[in-house]
Structures are given as C-alpha cells and as structure tokens.
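Enquirer: Below is the sequence, then the predicted model.
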Amino acid sequence: MKNFTLSELLIVVGCLSSCGGAFGDATGSSGSGSSDGGPGQTDAGNSGNKVNSGNSGNIGCGYATTLCADGYICIADADCESDICRMNVCQALSSLAHDGIKDGDETDVDCGGLHAPACADSLMCIVTEDCTSGVCTKNVCQVPTDTDGVKNGDETDVDCGGPTAPKCATGKTCNAHADCVSDGCGYDGKCAAGRSCTQHLGGDTCGVGEIGEAGAVHESCCLQAPIAGSAARVDKYLVTAGRMRAFIERLNGDVVTYVSSLPASNWDQKNWNALVPANIDDANNQLGPYWGGSKRLCDPGQLTGHTYYTPPDVGAPSSFTQTDMDPKTLNCVGWHLANAFCQWDGGRLPSHDEITKVFTNNVTNGWPWGTGAPDQSKADARWSHYYNYGYPGLTPRASAS
Ligand SMILES: [Ca+2]
Ligand SMILES: [Ca+2]
C-alpha cells in the first residue's frame, strides 16, 4: 500500500466521490485541479477522486452507480471493484488473496488485512475492518446483532431496520417503509416523522416561510406539538395537501379497503364506507370542487380553490400546479376522508372541544396569535405556513378577516 502525504489525504477528505454506492448524490466535487482522464471516466460532470500522488484534483470516475477502481475513495467494501475498502481507499486485490492459505497480512485464509476481502463471521481478525460484520472481538469476527453498535447484517442503519432488527427512528437510514417506526421511509432515504410525510412537498416543507424564500426554516410536516393540560399531542402544522396525497397514493386511492380493516369502535363500516374513495379517480373527485354538490369556495380560482391538486380531466382544472399546491394546507376535504387519513397516520381527528383548547392554550390566553382577528403580522408558524391558504405563489391579503 502506498504512503500518502498529508496534503493528499486532505484532498481525499474534502471531496465527494461519484463511484460506489455510499455517497449517494454525485454532485461533482470541491477539489481544485483538472481531470486527467482516470479509469472509467464517462462524464465530465461527475468527478470522482482518486488518490494519486501526481495529481491534486479530481479524476472522472463514471457515474454514481459504478464500482470504484483501485485507489479511489470508498466507504464500504461494496463500493470497490476489488470489494476491498480500507482506510476509505479501494485496495488492489492481492494475488495472495485467493491462494488458499493465510499469508501476507491476512488475518485468516484469504481474508482480512489490507489486500483481501473482509472475513466472514467466526474467522480470525485483528481490527473491525477485517470482518464483514464490522465487529472483531477477541480476534474473532462476530455475527451481526442489533445491539453491537454497528450497521451490519441486513440493517439499514446502526442496529435498526431490515427483517430482524428493531425499526428505525426518525432520521435514520431506510430502504423501505417497514424499516421505520413511522412506517414511512422518505424520498431522501431517511425515516420520516410520520407515515404521510415521506415526500418533499408538503412532507418536509413546513415552518416559517415559503419554499426557496430567504430565511425560510422548514421541517417535517408530521411533527407534533404538546397540548397544555393534556397528555395528547396535536400536529404541529395543519395537514398539507401533500400529506393527503401521500395517503391516497400509498393506498392507490383505495381507502375503502383500508377503513374496512378498522375496528367498529373507530369506524362505522355500514354507513361510512361509501363516503371514502375506492380508487384514484374517486379520490380526485372527492378532493375536487364538486363532490356531493358544489363545495363553497372550493372551485378553482386565484381567490378560492381546493388546495389538493386534481388533474384536468376531473372537470375542474386546478389553477396551480401540483408542485404549487402540495405544500399548502389541505382544504375542501370531507369529514369521513379526513377521519380515515388521521387514523392511517396514527392518530385521530380531534374533537371540537379539544381543538378549541389547543388554539386557545387550554382556554387561558385567547388565540395563538393574541387577541382580535388574525392577520399576516400575527401568523404563527406553529400552526401554518405563512400565506398557505388559497394563494399559492401570490401575495396574500393583508388580513384574513
Ligand atoms: Ca492468502
Ligand atoms: Ca448491528
């Protein structure tokens, strides 16, 4: 193995790689210098980094899905063509690594050390990197467990996710909804705070300011806030159109089948099943302007309008795009569908008494924004985006009164 100078290592640490799977988004790199046409280079816009004493900059390394050649930066063995990642550099597979004997710096036969693949469970090791499990105890590679403090086996993050480990908390890495406590694996490969907040728009765009606005501070739309004088919690933000869309799309519009599984104490199967959608077309119809007769102020328009985007063929084309609408607060939704949504998302609809107490701090200090009618200057980010009702992309009225 070659020796690196300090400056070379600094270059390595400061840049992104575009090969291997561990780095995810290949957005180019921050290093200086120019490409020298390294192996596998296919795209000038995707620059990986090769440890190379003769070059201080970046070397094209193909696309993010390619394996890294010897000498390129890696995080895990699986990032490398040689299947050997040591000290974050892909190592050349030694000719000794498949000769059937323990030689070189191998810790067991043809495994371990700097030039052979990591060792399977129960084989000999010296350091954690000698083992596929990442756990070397008393010089023996250990079987992965969900308490060893290492992401190994089928886990998607440290000691969580996959078929056997406990489910992962919010923010941990996931591959599927089932990996997460919330049953929601987000678009970013992290467990979402709620089942309905796995998407970007209306999923993690809640908080002060609009998307792209200077000073905007956004977080998950599924966070919850305490209620004074109660053990219950309430959504920190009003439900977005995007959260309803996540619900509808996850069920492919078939809310009827979902509610059919609810206990009688939570759902009136006989009288309510016909009042929720059975497919996507039903859902667009129910969340559009005309279901059950025209809904007041739910027709498309710039001063009115349903915030759940519905396609043109529903009969009432939205005046705004789905991208505009999904982050907005949901409106024009029937009680039964709202009820089903809340239960699917792990909660329930609040009672009138409960919601009154929430908005008046347990009836002690008026409304959350103080006294009098709410207006723009009194907007409270705990409960809503600014300007989120009916005016996507437009300057809002100065007062909602
Ligand atoms: Ca060997
Ligand atoms: Ca583990």
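Expert: In hand now; what should we look at? It should be emphasised that the depicted structure is a prediction, and the values quoted were computed from it without experimental measurement. Ligands and ions are numbered 1, 2, ... in the order given.
Enquirer: gap between the residue of the stretch 251-400 of the chain found nearest ligand 2 and G184?
Expert: Residue nearest to ligand 2 within the stretch 251-400 of the chain: G346 (26.7 Å; C-beta to the ion). From N, CA and C alone the C-beta is placed, and that goes for glycine too. To G184, G346 is 10 Å away according to C-beta to C-beta, to the nearest Å.
Enquirer: Ok, D154 next?
Expert: 20 Å.
Enquirer: Show me which of those two is the more surrounded one.
Expert: Using other C-beta atoms under 10 Å as the criterion, D154 and G184 rank with G184 on top: 27 against 13.
Enquirer: tell me the contacts of that one?
Expert: 177, 191-198, 222 (C-beta atoms under 8 Å, 6 or more residues apart in numbering).
Enquirer: tell me which element the residue of the stretch 251-400 of the chain closest to ligand 2 falls in.
Expert: When elements are assigned from DSSP states H and E, G346 belongs to no helix and no strand.
Enquirer: any chance you could map the strands in the stretch 251-400 of the chain?
Expert: Taking DSSP state E, counting those that start in this stretch, the stretch 251-400 of the chain contains no strands at all.
Enquirer: Residues of it that sit close to ligand 1?
Expert: Within reach of ligand 1 by C-beta under 5 Å from the ion, the stretch 251-400 of the chain has no residues at all.
Enquirer: Can you pull out the low-pLDDT segments for the stretch 251-400 of the chain?
Expert: Applying pLDDT under 70 to the stretch 251-400 of the chain flags the ranges 292-297, 300-304, 315-318, 360-400.
Enquirer: go again using 90 as the cut-off
Expert: 285, 287-307, 309-321, 324-325, 328-329, 331-332, 334, 350-400 (pLDDT under 90).
Enquirer: Then the stretch 101-250 of the chain?
Expert: Scanning the stretch 101-250 of the chain for pLDDT under 90 picks out 104, 206-217, 224-238.
Enquirer: what does it have sitting close to ligand 2?
Expert: Within the stretch 101-250 of the chain, the positions near ligand 2 by C-beta under 5 Å from the ion are 148, 150, 152, 159.
Enquirer: if we go to 8 Å?
Expert: Residues of the stretch 101-250 of the chain lying near ligand 2 by C-beta under 8 Å from the ion: 133, 135, 144-153, 155, 158-159, 165.
Enquirer: Out of those, which two sit at the greatest distance?
Expert: Greatest spacing in those, by C-beta to C-beta: V135 and A165 (14.2 Å).
Enquirer: Settle it for me: which of those two has more neighbours?
Expert: A165 (22 against 19).
Enquirer: Type out the PyMOL command that picks the buried ones from the residues of the stretch 101-250 of the chain next to ligand 2.
Expert: Command for PyMOL that selects the buried part of those, burial taken from 16 or more other C-beta atoms under 10 Å:
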select buried, resi 133+135+144+145+146+148+150+151+152+153+155+158+159+165
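Enquirer: Which ones among the residues of the stretch 101-250 of the chain next to ligand 2 map onto helices?
Expert: Secondary structure assignment by DSSP state H places none of these in helices.
Enquirer: From the residues of the stretch 101-250 of the chain next to ligand 2, pick the one nearest ligand 1.
Expert: Nearest to ligand 1 among those is S133, at 20.4 Å by C-beta to the ion.
Enquirer: quick one: the closest residue in space to L201 that isn't next to it in sequence from ligand 1, how far?
Expert: What sits nearest to L201 in space, not counting adjacent residues and going by C-beta to C-beta, 6 or more residues apart in numbering, is D326, at 3.8 Å. Taking C-beta to the ion, to the nearest Å as the measure, D326 falls 56 Å from ligand 1.
Enquirer: Count the neighbours of D326 for me.
Expert: When neighbours are counted by other C-beta under 10 Å, D326 registers 25.
Enquirer: Also C90?
Expert: Look at C90: counted by other C-beta under 10 Å, it has 27 neighbours.
Enquirer: hang on, it packs against T66?
Expert: No - applying C-beta atoms under 8 Å as the test, C90 and T66 come out as separate, 11.7 Å apart.
Enquirer: what does the stretch 1-150 of the chain put close to ligand 1?
Expert: Near ligand 1, when you scan the stretch 1-150 of the chain using C-beta under 8 Å from the ion, you find 94, 96-104, 106, 109-110, 116.
Enquirer: Whichever of those end up buried, select them in ChimeraX.
Expert: Burial among those is assessed by 16+ other C-beta under 10 Å; the matching ChimeraX selection reads:
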select :94,96,97,102,104,106,109,110,116
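Enquirer: Export the residues of the stretch 1-150 of the chain next to ligand 1 to JSON lines and append columns for distance to C206 and secondary structure.
Expert: As requested, these are exported to JSON lines (distance: C-beta to C-beta, whole Å; DSSP: H, G, I helix; E, B strand; the rest coil):
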{"residue": "S94", "distance to C206": "53", "secondary structure": "coil"}
{"residue": "L96", "distance to C206": "56", "secondary structure": "helix"}
{"residue": "A97", "distance to C206": "52", "secondary structure": "helix"}
{"residue": "H98", "distance to C206": "54", "secondary structure": "helix"}
{"residue": "D99", "distance to C206": "59", "secondary structure": "coil"}
{"residue": "G100", "distance to C206": "59", "secondary structure": "coil"}
{"residue": "I101", "distance to C206": "60", "secondary structure": "coil"}
{"residue": "K102", "distance to C206": "57", "secondary structure": "coil"}
{"residue": "D103", "distance to C206": "59", "secondary structure": "coil"}
{"residue": "G104", "distance to C206": "56", "secondary structure": "coil"}
{"residue": "E106", "distance to C206": "53", "secondary structure": "coil"}
{"residue": "V109", "distance to C206": "55", "secondary structure": "coil"}
{"residue": "D110", "distance to C206": "53", "secondary structure": "coil"}
{"residue": "A116", "distance to C206": "50", "secondary structure": "coil"}
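Enquirer: so what's the residue in the stretch 201-350 of the chain that ligand 1 sits nearest to closest to, chain neighbours aside?
Expert: Closest approach between the stretch 201-350 of the chain and ligand 1, counting by C-beta to the ion: D204, at 49.0 Å. What sits nearest to D204 in space, not counting adjacent residues and going by C-beta to C-beta, 6+ apart, is S220, at 5.1 Å.
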